[in-house]
Each structure stands twice: as structure tokens, then as C-alpha cells.
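# build me a structure from this.
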Amino acid sequence: MSLRPDWNDLLSRSGSGLLGSALSEGILSEESPFIPRMGWFIDAGARLGVSESAVLTVAWICLLAAGGALAAGLFSRPAAILAWLLHLCAAKSGGFLNYGVDRFMTMGLFYLMLSPLPDRRSLDHRWRGQPLGDPELLGFFRRVLQVHLCAIYLFGGLDKSLGRGWWNGDNLWRALTRPPFDQIAPELLVRFKVLFPIAGIAIVVFETGYPVFIWLKKTRRLWLICIVGMHLGIGLMMGMHLFALVMIVLNAAAFGPAPRHTVAAEGLDDRAGGGLARGGLPASGSGVDSA
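As a prediction, this is how the structure comes out:
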């Protein structure tokens, strides 16, 4: 919704923006002609006599409609496929202006597109009477998402730990004072500068320790709360609300309490995180239960 005023300028080949999609799509074409992009739809529209502006407007409406259908659980599979494809095309065509949240949204939509649908609370199940997705297959995709998040946080934490900026708080100061993320007055930040090294070290520990402590039953809830709190802080103090929301949703989907019908089918505890009962991975182990 927030991109609607700038949607056409960002993705138009002849828009008034500083960086249109022509340059980024040209680079994509050199990398591979098979990478999805908005140019595909624009070219198809041109052959049918539809203007570029109209094609981009229709694409935005379709993306919004697909997101609404996914939120309601209505026509879940087609909506998930359409949302993933359109979001991926927009992210690739606007490659110079996207950032981490676009990659994580594409990743989440990809898993959603492949996962068993619908779920128990969706309109597809309650209203249209469609049967629930296979809970064991749901456990498999949840496991893949869990491993993916562990890799992301591990390498993110290791990267932060290599320099001094996170240990002494300098990187945190730069992040909070650099436009457009300077949501807090510098005068207020100076008052609490002693906390910057502590917060920086805590972030490194949370991310580097994520692949270990998120799996342990005794520390999973604590680590999940810490990670969610970290992303809430990013959203509130830097104005990166969408990024914070996406990361919280991904963590909740991966390591939050599993749906009861899924747990029952997999023979897991309701805090076990939706592991596989018959998928070649142990449901529990010495100190490490299936997540």
C-alpha cells in the first residue's frame, strides 16, 4: 500500500524516477533471460495494445488482491502463486531500490506457495469445504524454513562479530542516526550511549546463538522472545515496520507453537515446532526436541 504512489515510477521503463526498471532489467537480462521481471507483463501488454501504466496498475491491484485473499485464506493456492510471482517480478525489476525485506517476503511467499493449503482457519476450509493440507508435508516445509532461518541468523551474526562496530556500539549508533532511519533525536541517544555496546553485543549473541538455542526446548521460548523483541526494536526505533513485521511472522511460523491438528498428526508436543514424525528426523532427542 505504501508503494502505490511511487509504484509506476519505480517499475516503469520510462518513468520520472531517478532509477527506472530499464537499467535493472537490462542487468537481469545479462545474468539470465529466465529471471522473472515486470518487463514480461509490460511487453505482453504492449502486444495487446495496453499501455505500460495500465499494466503496472493492474499488477498492483492483482498483488493487493492476492495478499488479501491469502490473509483470508480464500483461493489460497492460486493467491499464493500469484503473490509470489508478482512480488518477485517487482523486486527484481526494482532491484536497485529494494532491500532485505523484499528478499524475506519473497522467501516467505515461496514457502507459502509450496506448503500444504488450506489450513483450519481459512475460508477455503470453513466456507468452501476444502480438505486440510497434509500435516506431515506441512512439517517438512516448516523444517526447511527453520533451517533456512538458522542459516540466515548464523551468518548474519558471524558477519557482525568480525568487526569492532557491533562490539563497541558504533554500528548501532550509525544505524540509528542515519537518515531515513533517524527516528529518535540524537540528544536522547547520547543520554543512553552507554547502552550501545551492550545492545550491540546482545544482537551478535542473539543471532549467532540462534541455530543452537532456538532448537533447545528449555531456551527456545526465551530465544524466540529475544529475537522478536530485537525486531520490534528495529521497527519502532528505525521506522522499519514492514521489515520487523515480516521477520516476526517468519519466526512465529517457524518456531511458534504448532497447530494442534498438526501436532497430533505428527506425534509431537505442542511446543515442538512442527517437526516430522516420519520424515527421517527424530521427534525428540537428548536435550534437543524437534522444532
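
# for this protein, which helix or strand comes out least confident on mean pLDDT?
Within the chain, no helix or strand scores below helix 260-266, which has a mean of 49 by mean pLDDT, DSSP states H and E.

# may I see the buried residues of the helix or strand containing residue 78?
When elements are assigned from DSSP states H and E, residue 78 belongs to helix 76-93. For helix 76-93, the neighbour count (16 or more other Cβ atoms under 10 Å) marks 76-77, 79-80, 82-93 as buried. (Each C-beta comes from the backbone N, C-alpha and C, glycine too.)

# residues in contact with it: which ones?
Residues outside helix 76-93 that contact it (Cβ atoms under 8 Å, 6 or more residues apart in numbering) are 11, 21, 24-25, 28, 35-41, 59, 62-63, 65-67, 69-70, 98, 102-103, 105-106, 109-110, 112-113, 117-118, 122, 124.

# only alpha carbons, please: show that helix as PDB.
Extracted C-alpha coordinates of helix 76-93, given in PDB (Å, rounded to 0.1, in the frame of the first residue of the first chain):
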ATOM      1  CA  SER A  76      -5.100 -19.900  -1.100                       C
ATOM      2  CA  ARG A  77      -3.000 -21.800  -3.700                       C
ATOM      3  CA  PRO A  78      -3.700 -19.500  -6.700                       C
ATOM      4  CA  ALA A  79      -3.400 -16.500  -4.500                       C
ATOM      5  CA  ALA A  80       0.000 -17.700  -3.100                       C
ATOM      6  CA  ILE A  81       1.400 -18.400  -6.500                       C
ATOM      7  CA  LEU A  82       0.200 -15.000  -7.900                       C
ATOM      8  CA  ALA A  83       1.500 -13.100  -4.900                       C
ATOM      9  CA  TRP A  84       4.900 -14.800  -5.100                       C
ATOM     10  CA  LEU A  85       5.300 -14.200  -8.800                       C
ATOM     11  CA  LEU A  86       4.200 -10.600  -8.800                       C
ATOM     12  CA  HIS A  87       6.300  -9.700  -5.800                       C
ATOM     13  CA  LEU A  88       9.400 -11.400  -7.200                       C
ATOM     14  CA  CYS A  89       8.900  -9.600 -10.500                       C
ATOM     15  CA  ALA A  90       8.600  -6.300  -8.700                       C
ATOM     16  CA  ALA A  91      11.600  -7.000  -6.500                       C
ATOM     17  CA  LYS A  92      13.800  -7.900  -9.500                       C
ATOM     18  CA  SER A  93      12.700  -5.000 -11.700                       C
END
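
# off-centre distance for it?
Offset of helix 76-93 from its chain centre (Cα atoms, centre = their mean, to the nearest Å): 13 Å.

# helix or strand next in line after it, which one?
Along the chain past helix 76-93, the next helix or strand (assigned with DSSP H and E) turns out to be helix 100-114.

# I'd like the average pLDDT over that following helix.
The predicted model assigns helix 100-114 a mean pLDDT of 91.

# and what of stretch 118-132?
Here stretch 118-132 scores 87 as its mean pLDDT.

# and it, what's buried?
For stretch 118-132, the neighbour count (16+ other Cβ under 10 Å) marks 118-119, 122, 124-125, 130, 132 as buried.

# roughly how far apart are residue 65 and residue 78?
When distances are taken as Cβ to Cβ, to the nearest Å, residue 65 and residue 78 turn out to be 11 Å apart.

# what does residue 104 give?
Distance check for residue 104 against residue 78: by Cβ to Cβ, it reads 23 Å.

# equivalent analysis for residue 174, please.
The gap separating residue 174 from residue 78 is 44 Å, by Cβ to Cβ.

# would you say residue 33 is within a helix?
No - counting by DSSP: H, G, I helix; E, B strand; the rest coil, residue 33 is not found in a helix; it is coil.

# circling back to that earlier point, and the buried residues of stretch 118-132, which two are furthest apart?
Farthest pair in the buried residues of stretch 118-132 (Cβ to Cβ) is 119 and 130. Separation: 10.4 Å.

# my read: residue 181 touches residue 240, true?
Yes - under the contact definition of Cβ atoms under 8 Å, residue 181 touches residue 240, with a separation of 7.0 Å.

# compare these two (neighbour count), which wins?
A direct count of neighbours by other Cβ atoms under 10 Å for residue 181 and residue 240 places residue 240 higher, at 21 against 15.
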